[in-house]
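*Asks:* the following block contains a protein sequence and its predicted model.
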Amino acid sequence: MKYDKLEVTAIEEKMTGLDGWTLTGDAKSITRSFKFANFREAFGFMTESALAAEKFDHHPEWFNVYSKVDVTLTTHDAGGLTEQDFRMAKAMDKAAAGRIG
Ligand SMILES: C[C@H](O)[C@H](O)[C@H]1CNC2=NC(N)=NC(=O)C2=N1
């Protein structure tokens, strides 16, 4: 499935409904830093996110150190943001809910 790159106006509208995420200066990706109580919780979040990534065929760029997971979402195939990134952001928020330390 091919997803179209979103226009800046559509991105800005979507950002208003997405708490905690930041649009990067080039408007090609969104980022969020998740902090958990410990590594177990962080890895649980990553495991649940990985299953969502496979389901959506959309994979995060992420960097984990102990209880922190820094996430960047972008659609490599489109060279920017698509519906897939916002779908994945919501799935990751859901995976983090109740786990935030
Ligand atoms: C073949 C496969 O569908 C593509 O390579 C998918 C896999 N996961 C992906 N993840 C992300 N973030 N961007 C993509 O463009 C992408 N493409």
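*Replies:* Perfect, I can see it now.
*Asks:* ok now the one helix or strand residue 41 maps to, how far from the chain's centre?
*Replies:* Assigned by DSSP states H and E, residue 41 belongs to helix 39-56. How far helix 39-56 lies from its chain's middle: 11 Å, per Cα atoms, centre = their mean, to the nearest Å.
*Asks:* report the buried residues of it.
*Replies:* 41, 42, 45, 46, 48, 49, 52, 53 (16 or more other Cβ atoms under 10 Å). (C-beta placed from N, C-alpha, C; glycine too.)
*Asks:* and the residues you listed, which is closest to residue 3?
*Replies:* residue 53 (14.7 Å; Cβ to Cβ).
*Asks:* which ones are touching the closest one?
*Replies:* Going by Cβ atoms under 8 Å, 6 or more residues apart in numbering, residue 53 touches 59, 60, 88.
*Asks:* with residue 45 instead?
*Replies:* 34, 36, 69, 92, 95, 96, 99.
*Asks:* tell me which of those is nearest to the ligand?
*Replies:* Nearest to the ligand among the contacts of residue 45 is residue 92, at 12.1 Å by Cβ to the nearest ligand atom.
*Asks:* burial of the closest one, as a residue count?
*Replies:* The burial count assigned to residue 92 is 25, neighbours taken as other Cβ atoms under 10 Å.
*Asks:* are any of the contacts of residue 45 buried, and if so which?
*Replies:* Counted by 16+ other Cβ under 10 Å, the contacts of residue 45 give 34, 36, 69, 92, 95, 96 as buried.
*Asks:* near the ligand, which residues of the protein?
*Replies:* 57, 58, 59, 75, 76, 77 (Cβ under 6 Å from any ligand atom).
*Asks:* if we can go back for a sec, now, which of the buried ones among the contacts of residue 45 lie within strands?
*Replies:* Among those, the members falling in strands (DSSP state E) are 34, 69.
*Asks:* biggest separation within the buried ones among the contacts of residue 45, which pair?
*Replies:* By the measure Cβ to Cβ, 36 and 92 form the most distant pair in the buried ones among the contacts of residue 45, at 12.6 Å.
*Asks:* run through the bridge partners of the residue lying closest to residue 85 once chain neighbours are set aside.
*Replies:* In space, and not counting its chain neighbours, residue 85 is closest to residue 73: 4.2 Å by Cβ to Cβ, 6 or more residues apart in numbering. Residue 73 forms beta bridges with residue 30, as assigned by DSSP bridges.
*Asks:* good, we can wrap up now.
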